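Asks: Just a sequence and a predicted model for now, questions to come.
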Amino acid sequence: MEQGPAGRPLFKPVDQAAFSATKHLLQEQINWVSIKKLIAWWCISLLPVLVAIAASVQWLDLPIAQYFLGLSAHIAAMSGPLGSSELVTVDALLMAALAIIRIVRGSLPDYSKAVFVACGASLLAFILNDYTLKIIFGRYNPHVFFTIQPDRLFNFMHGNQTSAFPSGHMVMATAFAAVLVRAYFRTWPLFAGLLGLAAILLVLGDWHFLSDVIAGIFVGGTVGLMAGELWCEHVQHYTLRL
């Protein structure tokens, strides 16, 4: 170690234990602040989303779906290759492909890792939606609704995986997009445009009521942003360890 004129060291030795403890404390503070901000934004957005859903159910869903009822017959042929089960298959295949690449090459680019997390978030959102929320709300899609003309919009606790509320397509797509937007914010115009196009097609094709789409965006966004936040915290923690 270099010494000064009086034989004193020019630099104090670094206390590794104190340095590690400081990094750990800093990481905990970052995690807590980020989680609090995310929860705060979720709570702030919850009320307007509920109001938008209630207003759509009360005044917009049936008129819009009925207006596009004739047009939906021309788009219905697309429903086969665009079902939720097909989206699940795409997510699973993409995750499997990324896992194989990781095994063969020994590593993945950062963006590929984020895509892997996005696929996982999309699948988690699908499970939450199809096996919990759809069963709770039990809403018919517009085509079935206008065919059988039930006396109520929701069949609470009597739904199944074919129920429409929230939209499974929007739940999965938004969860996937939210992870990547959280990790790479500059991608938001691309994903916003794609999600907007998907929402329009779902309403035009009478696969979903407008409120189904709004709820799907909120549920998928919640899962995706949470997964994205956890992923970003993991990356920051790994960076601080280096």
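Replies: Received it, and whenever you're ready, just let me know what you need.
Asks: tell me the SS of residue 118?
Replies: Put simply, residue 118 is helix when judged by DSSP: H, G, I helix; E, B strand; the rest coil.
Asks: typed the wrong thing, it's residue 180
Replies: helix.
Asks: Then residue 165?
Replies: coil.
Asks: who does the nearest residue to it once chain neighbours are set aside bridge with?
Replies: Distances taken as CB to CB, 6 or more residues apart in numbering put residue 139 closest to residue 165, at 3.9 Å, once the chain neighbours are dropped. (Each C-beta comes from the backbone N, C-alpha and C, glycine too.) Counting by DSSP bridges, residue 139 is bridged to residue 154.
Asks: residues touching residue 139, list them.
Replies: 153-155, 159, 163-165, 209, 212 (CB atoms under 8 Å, 6 or more residues apart in numbering).
Asks: got the end-to-end distance for stretch 151-171?
Replies: 27 Å (CA to CA, to the nearest Å).
Asks: Run through the residues that contact the residue nearest to residue 226 when sequence neighbours are not counted.
Replies: Leaving aside its sequence neighbours, residue 226 sits nearest to residue 38 (CB to CB, 6+ apart; 7.0 Å). Residue 38 makes contacts with 225-226, 229, as judged by CB under 8 Å, 6+ apart.
Asks: can you pull the pLDDT of residue 38?
Replies: Note on residue 38: pLDDT of 77.
Asks: Look up how far residue 128 lies from it.
Replies: According to CB to CB, to the nearest Å, residue 38 and residue 128 sit 17 Å apart.
Asks: same thing with residue 163?
Replies: 14 Å.
Asks: How many residues are close by residue 211?
Replies: By the criterion of other CB atoms under 10 Å, residue 211 has 24 neighbours.
Asks: Contacts only, for the residue most central in space within the chain.
Replies: For the chain, the residue nearest the mean C-alpha position is residue 175 (1.5 Å; CA atoms, centre = their mean). Residues near residue 175 by CB under 8 Å, 6+ apart: 118, 121-122, 124-125, 220-221, 223-224, 227.
Asks: just to revisit the earlier point, so which of the contacts of residue 139 is the most crowded?
Replies: The most crowded member of the contacts of residue 139, judged by other CB under 10 Å, is residue 212 (31 neighbours).
Asks: tell me the SS of that residue?
Replies: The three-state assignment at residue 212 reads helix, by three-state DSSP.
Asks: my read: it touches residue 166, true?
Replies: Yes. Proximity of residue 212 to residue 166 meets the contact threshold set by CB atoms under 8 Å, at 5.9 Å.
Asks: What average pLDDT does stretch 117-132 get?
Replies: On average, stretch 117-132 scores 95.
Asks: Show me which positions of it end up buried.
Replies: 117-126, 128-130 (16 or more other CB atoms under 10 Å).
Asks: With respect to residue 186, which of the residues you listed is nearest?
Replies: residue 118 (15.6 Å; CB to CB).
Asks: Look up how far residue 155 lies from the closest one.
Replies: 33 Å.
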